[in-house]
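Q: Structure for the following, please:
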Amino acid sequence: QVQLVESGGGLVQAGGSLRLSCVASGRPFSGYPMGWFRQAPGKEREFVAGISWSGTTTDYADSVKGRFTISRDNTKNTVYLQMNSLKVEDTAVYYCTMGPILRQADYWGQGTQVTVSS
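A: Numbering: from 1, shown residues only. Here you go, the predicted structure:
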């Protein structure tokens, strides 16, 4: 059974940074793309960033390009999301996802709250 456990969320002021982490278990981590989605209050869940199994390909939503960086460490079964220059509109619950391809998800974590204050 696949488990994705996120951490690193919290409260930060606009312009600040946070780093989310997600540890995966239950499936060969290195064989699957990983990603991050988010859902803000009253809004639909949206894609944020994705990374190929090898880490050589990354994909970002236009709203976060240049500010967020996704990376992975296959030796630690962990994917990261470095978030810089945070904006109030980045406030959301952030979900870690696994496979099957970029921008799609077979498995979801429980989510971690990110709140950006003005």
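Q: rest of the way, CA atoms for contacts and neighbours
A: Noted.
Q: Excluding chain neighbours, give the residue nearest to the residue most central in space within the chain in space.
A: Against the mean C-alpha coordinate of the chain, by Cα atoms, centre = their mean, the closest residue is residue 36 at 2.8 Å. Leaving aside its chain neighbours, residue 36 sits nearest to residue 96 (4.7 Å; criterion: Cα to Cα, 6 or more residues apart in numbering).
Q: contacting residues around the one you found?
A: Shown in contact with residue 96 (Cα atoms under 8 Å, 6 or more residues apart in numbering): 4, 5, 6, 22, 34, 35, 36, 37, 108, 109, 110, 111.
Q: mind checking the SS state of it?
A: Using DSSP: H, G, I helix; E, B strand; the rest coil, the structure places residue 96 in strand.
Q: distance of it from residue 5?
A: 8 Å (Cα to Cα, to the nearest Å).
Q: any idea how far the residue of the chain positioned farthest from its centre is from residue 86?
A: Distance from the C-alpha centroid of the chain peaks at residue 118, with 22.3 Å (Cα atoms, centre = their mean). Noted for residue 118: a distance of 10 Å to residue 86, by Cα to Cα.
Q: shared neighbours of these two, anything?
A: Taking Cα under 8 Å, 6+ apart as the criterion, residue 118 and residue 86 both touch 13, 14.
Q: What strands line up against the helix or strand encompassing residue 69, and which way round?
A: Secondary structure assigned from DSSP states H and E places residue 69 in strand 68-73. Note on strand 68-73: by DSSP bridges, its sheet partners are strand 78-83 (antiparallel).
Q: what comes into contact with the strand it pairs with?
A: Against strand 78-83 from outside (Cα under 8 Å, 6+ apart): 17-24, 34, 36, 67-73.
Q: show me what contacts the residue farthest from the centre of the chain?
A: So residue 118 contacts 13, 14, 87, 88 (Cα under 8 Å, 6+ apart).
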